[in-house]
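>>> quick one: sequence and predicted model below, then my questions.
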Amino acid sequence: MRVWLVLVLGMAGAAKAADAGNAGEGLSWLKKMAAASRQLNYSGTIVYQHRNHVETSRIVHYVNPAGGEFEKLETMDGPPREVVRSNDHVICYLPNVKTVLIEERNRSARNFPALVPESLGGITESYAIRKGEVDRVAGHDCQWILLEPRDEMRYGRRFCAELGSGLPLRAHTLNEKGEPLESFAFSQLTMGGSFSRDRVKSKYAEKSKAQNWRVERSGYTAAATTPSDSGWTVTGHLPGFRKLMEAKRSIGGRGASVSQIVLSDGLAAVSVFIEPMRETKGPSLSSQGAVNIYTRPLSNHIVTVLGEAPTATLMQIANSLEQKPTTASLR
Amino acid sequence: MDRISALMDGELDDREAQSTIVRLKDDSELRIRWDEFHLVRDALRGDPLLSAGFDESLSKRLAEEPTVLAPRRTASQTRRATTYAMSAAASVSAAALVAWVALSPNSPSGVQPNGFMEAKQSMPAKPNVDDLRPVVVPYDGRANDYLFMHEAVSPSGILQGLAPYVRSVSSVPADRR
């Protein structure tokens, strides 16, 4: 009896150690992927697929000698659209509606989560990570890294990382049945090349200014530069999810200020937006790729919860939202 | 946590199910989880929800029932009662599972968010707050600005760079799905 017990415990211990070793290796692959995505120079074509929808984009990423990061995404199908990023500054050009969306991120603002590989650490709590097979994508050998969700709160992920550099060449998000909800994959990729301003500049940069396109800037209200209070709190029991940030924001296209709370399990993120109700609207659900969107009214406000997480998770978050008592009423 | 959903899905064998039910009895956090799962699933299925605090008011009403004076149970009776209770719990959960399977709709194919079984009508998850019957609508691009802001903070961007922004600028033809 005792012998069996020792044997069983020993085996369990060994299995656990092997599991931990595998997870450690998986995690170091994730960090390698993150580093490659930020530090490598590359250009290529990305195919984005969800449901029956396929969309092709060109993507270029360069790092200048000073370490600055520049990236450009240009859609190839449908109306032309471009997204350019220089470090933490993202601009989206929508020529068909003559609109520019600007997301400015002030690095010094303390309420901003640091999007660095180190923040991937908490992932093992929510996902079992393991190495899969070696595969080939766009002519490059790559290593599959599989992230299985530990519960129903989140989706599974799979990445195929280029063997040498770790650059993710293919990424899938999977539903609870293991079926892909969306996928990103390089169909052509050139690594290397040197930085040049022209390669990462939008062809609409000058045109949008000359023609006075509408600019929608999503900024942070003054109060948001200090650790900010959105005025709302998520009370639900959400294992693995932590609050990444909260802020009151002004958004170009929306009249009043909007509260934003971001929750994340280290990989998936859910954003909660709360704005004053302008028109009476009932609750609704929709989705865009692996991102689900749940909207509901809540005491004279409209709550929009969206993120790459199952609808049940979004609804749980939305339905556990509570307005904090205002300072005025506390006095 | 997985056990709770596995129990609800009928994926546990008898022994595991029983041990999970026992744990549910003792672990208030697990019970909250159990309640939440049911609330969400009921909501997804469109079952009418019990009013908030139903369990408390039921307990209260039960407590207010007149006490029936009866001979004290012997130890063996208590044990038998426990056994009955256990098997009753098991059959109740079995019945619930059968009902679950039987009632799970083969939802008509239509526009459905990911993993969403049926949303033709569901009901308030917090009936005392608002009427929460979500309708499933095709994405109309109205939340593109929110999506754009979301991509900027999602850790997915650490691994995938700008690629996820495709979602927020995706052209959304009406006939897409």
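Perfect, I can see it now.
>>> do you know how far the residue nearest to A:Thr235 when sequence neighbours are not counted is from A:Trp232?
Leaving aside its sequence neighbours, A:Thr235 sits nearest to A:Ser320 (CB to CB, 6 or more residues apart in numbering or on different chains; 4.6 Å). C-beta: built from backbone N, CA, C; applies to glycine. Distance of A:Ser320 to A:Trp232, given as CB to CB, to the nearest Å: 11 Å.
>>> wait, A:Tyr62 sits on A:Asn41?
Yes: assessed by CB atoms under 8 Å, A:Tyr62 is found in contact with A:Asn41 at 5.0 Å.
>>> so those two - more neighbours on which side?
A:Tyr62 (20 against 17; other CB atoms under 10 Å in any protein chain shown).
>>> quickly find the element holding the nearest residue to that one once chain neighbours are set aside.
Nearest non-adjacent residue to A:Tyr62, counting by CB to CB, 6+ apart: A:Phe195, 4.2 Å away. For A:Phe195, there is no helix or strand it lies in under DSSP states H and E.
>>> who's in contact with A:Phe195?
A:41, A:62-65, A:70 (CB atoms under 8 Å, 6 or more residues apart in numbering or on different chains).
>>> output the residues you listed in JSON lines; the columns should cover secondary structure and distance to A:Ala205.
Formatted as JSON lines, the contacts of A:Phe195 follow (DSSP: H, G, I helix; E, B strand; the rest coil; distance: CB to CB, whole Å):
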{"residue": "A:Asn41", "secondary structure": "coil", "distance to A:Ala205": "21"}
{"residue": "A:Tyr62", "secondary structure": "strand", "distance to A:Ala205": "16"}
{"residue": "A:Val63", "secondary structure": "strand", "distance to A:Ala205": "20"}
{"residue": "A:Asn64", "secondary structure": "coil", "distance to A:Ala205": "17"}
{"residue": "A:Pro65", "secondary structure": "coil", "distance to A:Ala205": "22"}
{"residue": "A:Phe70", "secondary structure": "strand", "distance to A:Ala205": "13"}
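>>> how about JSON lines for those, with pLDDT and distance to A:Arg249 added?
Converted to JSON lines, the contacts of A:Phe195 look like this (pLDDT from 0 to 100; distance: CB to CB, whole Å):
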{"residue": "A:Asn41", "pLDDT": "95", "distance to A:Arg249": "33"}
{"residue": "A:Tyr62", "pLDDT": "94", "distance to A:Arg249": "30"}
{"residue": "A:Val63", "pLDDT": "92", "distance to A:Arg249": "29"}
{"residue": "A:Asn64", "pLDDT": "89", "distance to A:Arg249": "30"}
{"residue": "A:Pro65", "pLDDT": "86", "distance to A:Arg249": "34"}
{"residue": "A:Phe70", "pLDDT": "93", "distance to A:Arg249": "25"}
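>>> which of these sits closest to A:Phe273?
For these, the residue nearest A:Phe273 by CB to CB is A:Phe70; the value is 28.7 Å.
>>> residues contacting the residue nearest to A:Thr235?
By CB under 8 Å, 6+ apart, A:Ser320 lies in contact with A:234-236.
>>> hmm, the helix or strand A:Met245 falls within touching chain B?
Using DSSP H and E, A:Met245 falls within strand A:242-251. Yes: contact of strand A:242-251 with chain B (CB under 8 Å from any CB of the partner chain) involves A:244-245, A:249, A:251.
>>> for the following helix or strand past that strand, which strands pair with it and how are they oriented?
Next helix or strand after strand A:242-251 toward the C-terminus (DSSP H and E): strand A:258-264. Paired strands of strand A:258-264, with direction, are strand A:242-251 (antiparallel), strand A:269-276 (antiparallel) (DSSP bridges).
>>> thank you kindly, that will do.
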